[in-house]
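Undergrad: sequence and predicted structure below; questions after.
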Amino acid sequence: MIEFDEVPLYKKIKGYSYPELEILAEEFRNYIANVVSKNTGHLASNLGTIELTFALYRVFDPEKDIIIWDTGHQAYSHKLLTGRFKAFKTLRQRHGISGFTKRDESKYDVFGAGHVGTAIPAALGIEQALKLRNEKRNIVVVVGDGALTSGISLEALNQIRELSSKIKIVVNDNGMSISRNVGSLSTKLNEFRLNPIYRELKEDLKSALETMRLSKIENILSKLKSGVKHSLLGGNIFEDLGLNYIGPINGHNIREMEGLFKMVKNFDEPFLIHVVTKKGAGLDYAEKDPTTFHSVSRIDPETGQKITQTNMVSYSRVFGSVLAKLGELDPRIVAVTAAMPDGTGLAEFARKFPERFFDLGITEQLCTTFAAGIATKNLKPVFAVYSTFLQRSFDQLIHDVALQRLPVVFAIDRAGIVGRDGPTHNGIFDIAYLSMIPNMRVLAPSNLQELANIVCTILSDEEISGPIAIRYPRQSEIANLEEILNSMMKINVWKWEKLFDGKEVAILAVGSMVSPAKQVAEKHGYTLYNCRSVKPLDEVTLAEVLKKHDLVVCIEEGVKIGGFGSSVMLYASDHGFSTRVVAMGVEDRFSEHGSREEILSELFLDSRGIEKRIFELRGERNANNDRVRKD
Ligand SMILES: Cc1ncc(C[n+]2csc(CCOP(=O)(O)OP(=O)(O)O)c2C)c(N)n1
Ligand SMILES: CC(=O)[C@@H](O)[C@H](O)COP(=O)(O)O
Ligand SMILES: [Mg+2]
């Protein structure tokens, strides 16, 4: 149970003086840095939004007004002010508070998030619903400069005028997505910051805000509009979309922001308020390297040093290094990312081959079709993307890639349970949503070396015959990267690998599930296969397995419905096998946040859970008969 504060802090800060607010901001900074350093989480983005949140909640009332945070990764101060100051210590822990906004957690989390770009669309929907219900409330969205460029944000902006919306959009512009923000809109925001007309108007605005004389402010607004029309910039895209653009304003000056928010609150018109913040503000190491400190594992809060074993190597790193190595040999390899060059391991490729590297911003749909376009010209596009974000591209996968059998390679990172980011980020659907698409093939390595071998095998083919997805988990293992690269070789990726030859029971394990299944198979004399080709099934091997065993247990780190296990069952029934086939995977419900190990264990996707499930199926008891399945 999450323990909420008796009186939410936002009610108290309304009466604070500015020096008191500055002291509180410092306290928030230390608290956030300390908790994140222990519990993991989003550090730099949250350090940048403290003053912005204070100013916002002194003017708008999170109980009466609708305030929506896009993505929710920068909303820690919102949580601290809205009743979760004490609970914040449990951030991202099992049964603790979520790292994102979540409707189940608090009434102040008006719209749950985790993926980018949902706030403006949701706000427009809420506004129309309120109209239909004859309710009048202020609606405010806080959206980052990165999130603003995502497809659905732009689609929503395109409707502001049509819907006669009055929403107030606060753009938190820190010039950064996770890496440097890209694209023309980002350049435009930067130009607004530097443009002398805006600077001059900003000075006028500052003095007007001090007196809060509405007539003076209205005058500035119209000047701002006409100024923009005649400016060297040749127009303001936000004004063209029907919003009153105002800014840029210093996002660390509470007094200035407060004045501006009070002003826009008075106008029944839509506004885009351009607030400039510093990502990582107030913490030296985070300010200097906001990309590294965007999302952190455990660190020393003083120095920012990682507290992890140094000999651990992640799947992302292996993938990135292999691609960079293959890129040297083959100029046809092209890498594409949707604003995740670092998380996906593509940064090395980007440094070595900038002309063959494309960061298109937070645009998974665009990236998929862009890669399809590249594939039509006999190049080898590799779109490296987190499983959960590829969900956005479902139609593009079907219509633009698979239907035309275009050879796009999808390097699907964070496949399976991600752990502390929780249900919004779990990559548990990819096997199901990819397996159902004709022409799509899906591979899943069971260890780091196998990932290197698979990537090398696929990309070494002169002609890649259609789309291929390679999925791997958010996991690090003890390994030597150099050795992996030196031992890299081509393998038969479509053939399942027999790891143990046993009797009666056969386990067909996919990717990350091979390792825990190994312990069980070895202990009990079961047959075990590493089913690295999830689609197509290795039908020759599967037919043999079904013939030779009484029970076949399929295990995957993905949803059971439509997953690998269900493909095996379909094969068995279509081919008249009466062997009992059972699927283990993620049940038909969303799991919570916690460590990856905790969640996998709750889902019975660890060696103990696998052993227990097989014993249950066979009507046997084991030594650890202490857990009961919850489903
Ligand atoms: C659909 C989707 N793609 C990618 C991400 C990963 N992601 C999370 S935050 C972020 C950067 C957002 O930048 P911005 O909105 O400017 O926020 P900042 O961190 O700079 O405050 C990205 C790419 C995501 N959450 N959702
Ligand atoms: C908010 C968001 O979507 C990203 O910041 C994500 O949380 C990063 O995840 P990793 O830490 O697994 O790279
Ligand atoms: Mg940003």
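TA: Done, it's in. Predicted model only: the values in this text are computed from it and were never measured. Ligands and ions are numbered 1, 2, ... in the order given.
Undergrad: the residue of the stretch 351-500 of the chain found nearest ligand 1: which element?
TA: Residue of the stretch 351-500 of the chain nearest ligand 1, by Cβ to the nearest ligand atom: Phe389 (4.2 Å). Where C-beta positions appear, they are placed from N, C-alpha and C, glycine not excepted. Assigned by DSSP states H and E, Phe389 falls within helix 387-390.
Undergrad: got a pLDDT number for Thr308?
TA: Here, the pLDDT recorded for Thr308 equals 79.
Undergrad: pretty sure it contacts Arg298?
TA: Yes - using Cβ atoms under 8 Å, Thr308 and Arg298 qualify as a contacting pair, with a distance of 7.0 Å.
Undergrad: so these two - more neighbours on which side?
TA: Neighbours of Thr308 and Arg298, each counted by other Cβ atoms under 10 Å, are more numerous for Arg298; the result is 14 against 11.
Undergrad: could you find the closest non-adjacent residue to the more buried one?
TA: Ile307 (4.3 Å; Cβ to Cβ, 6 or more residues apart in numbering).
Undergrad: then Lys352?
TA: That would be Ala324: by Cβ to Cβ, 6+ apart, it lies 5.5 Å from Lys352.
Undergrad: Pro536 against Met440, yeah?
TA: No - the criterion here is Cβ under 8 Å, and Pro536 misses it with Met440 at 9.9 Å.
Undergrad: so the two - more neighbours on which side?
TA: Met440 (21 against 12).
Undergrad: just the helices in the stretch 151-300 of the chain please.
TA: 151-157, 184-194, 196-211, 214-229, 237-240, 254-266, 284-288 (DSSP state H, counting those that start in this stretch).
Undergrad: same question for the stretch 451-600 of the chain.
TA: 481-487, 514-524, 539-548, 564-574, 596-602.
Undergrad: quick one: the helix or strand that the last one is followed by to helix 514-524, angle?
TA: Helices and strands here follow DSSP H and E; after helix 596-602, the next one along the chain is helix 607-617. Using axes from the mean of the first three to the mean of the last three Cα atoms, to 10 degrees, one finds that helix 607-617 and helix 514-524 are set 50 degrees apart in direction.
Undergrad: who in this structure is up against ligand 2?
TA: 42, 71, 73, 294-295, 343, 414, 418, 421, 425, 474 (Cβ under 6 Å from any ligand atom).
Undergrad: rerun that using 5 Å as the cut-off
TA: Residues of the chain found near ligand 2 (Cβ under 5 Å from any ligand atom) are 73, 295, 343, 421.
Undergrad: surely the residue of the stretch 351-500 of the chain closest to ligand 1 and His115 touch.
TA: Yes - using Cβ under 8 Å as the test, Phe389 is close enough to His115 to be in contact (6.9 Å).
Undergrad: can you pull the contacts of the residue in the stretch 301-450 of the chain positioned nearest to ligand 2?
TA: Nearest residue of the stretch 301-450 of the chain to ligand 2, counting by Cβ to the nearest ligand atom: Gly343, 3.8 Å away. Contact analysis of Gly343 by Cβ atoms under 8 Å, 6 or more residues apart in numbering lists 178, 295, 316, 386, 413-414.
Undergrad: go again using 7 Å as the cut-off
TA: By Cβ atoms under 7 Å, 6 or more residues apart in numbering, the contact list for Gly343 reads 178, 316, 386.
Undergrad: export those to JSON lines and tack on distance to Trp494, pLDDT and neighbour count?
TA: Shown next, in JSON lines, are the contacts of Gly343 (distance: Cβ to Cβ, whole Å; pLDDT from 0 to 100; neighbours: other Cβ atoms under 10 Å):
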{"residue": "Ile178", "distance to Trp494": "35", "pLDDT": "96", "neighbour count": "22"}
{"residue": "Ser316", "distance to Trp494": "24", "pLDDT": "98", "neighbour count": "26"}
{"residue": "Tyr386", "distance to Trp494": "25", "pLDDT": "98", "neighbour count": "23"}
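Undergrad: just the closest of these to Gln93, please.
TA: Tyr386 (22.1 Å; Cβ to Cβ).
Undergrad: mind checking how far the longest strand along the chain is from the chain centre?
TA: Counting by DSSP state E, the longest strand found in the chain is strand 551-559. A distance of 26 Å separates the C-alpha centroid of strand 551-559 from that of its chain, computed with Cα atoms, centre = their mean, to the nearest Å.
Undergrad: what's the burial count for Ser98?
TA: Neighbour tally, Ser98, other Cβ under 10 Å: 25.
Undergrad: and for the one 5 residues further on?
TA: Burial of Arg103, expressed as a neighbour count using other Cβ under 10 Å, amounts to 12.
Undergrad: got it, and the one 10 residues further on?
TA: The burial count assigned to Ala113 is 24, neighbours taken as other Cβ under 10 Å.
Undergrad: cool, and the one 3 residues further on?
TA: Val116 sits with 29 neighbouring residues when counted by other Cβ under 10 Å.
Undergrad: that one falls within a strand, correct?
TA: No - going by DSSP: H, G, I helix; E, B strand; the rest coil, the assignment for Val116 is coil, not a strand.
Undergrad: what sits against it?
TA: Val116 touches 70-71, 146-147, 150, 362, counting by Cβ under 7 Å, 6+ apart.
Undergrad: chain center to the lengthiest helix in the chain: distance?
TA: Using DSSP state H to define each element, the chain has its longest helix at helix 18-39. Distance of helix 18-39 from the chain centroid (Cα atoms, centre = their mean) equals 25 Å.
Undergrad: of all the helices of the stretch 451-600 of the chain, which lies closest to Ser165?
TA: Nearest to Ser165, of those and by Cβ to Cβ, is helix 596-602 at 39.1 Å.
Undergrad: buried residues of that closest one, list them for me.
TA: Using 16 or more other Cβ atoms under 10 Å as the burial criterion, the residues of helix 596-602 that qualify are 596, 598-602.
Undergrad: what of stretch 112-126?
TA: Applying 16+ other Cβ under 10 Å to stretch 112-126 flags 112-124, 126 as buried.
Undergrad: how about the residues of this structure near ligand 3?
TA: Applying Cβ under 5 Å from the ion, one finds that the chain approaches ligand 3 through 144-146, 174, 176.
Undergrad: buried ones among the residues you listed?
TA: So, by 16+ other Cβ under 10 Å, the buried ones in those are 144-146, 174, 176.
Undergrad: ok, the single nearest residue of the stretch 251-400 of the chain relative to ligand 3 - contacts?
TA: Using Cβ to the ion, Lys279 is the residue of the stretch 251-400 of the chain that sits closest to ligand 3, at 6.3 Å. By Cβ under 7 Å, 6+ apart, the residues touching Lys279 are 44-45, 48, 174, 176, 290.
Undergrad: and with 6 Å instead?
TA: Listed by Cβ atoms under 6 Å, 6 or more residues apart in numbering, the contact set of Lys279 reads 44, 48, 174, 176, 290.
Undergrad: for Met257, same thing?
TA: Ala55.
Undergrad: tell me how far it lies from Thr82.
TA: For Met257, the distance to Thr82 (Cβ to Cβ, to the nearest Å) stands at 18 Å.
Undergrad: picking up where we left off before, would CSV of the buried residues of helix 596-602 with pLDDT be doable?
TA: Listed next are the buried residues of helix 596-602 as CSV, based on pLDDT from 0 to 100:
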residue, pLDDT
Arg596, 98
Glu598, 98
Ile599, 98
Leu600, 98
Ser601, 98
Glu602, 97
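Undergrad: show me which of those is closest to Ser435.
TA: Closest to Ser435, out of all of those and judged by Cβ to Cβ, is Leu600, at 21.4 Å.
Undergrad: separation between that closest one and ligand 3?
TA: 32 Å (Cβ to the ion, to the nearest Å).
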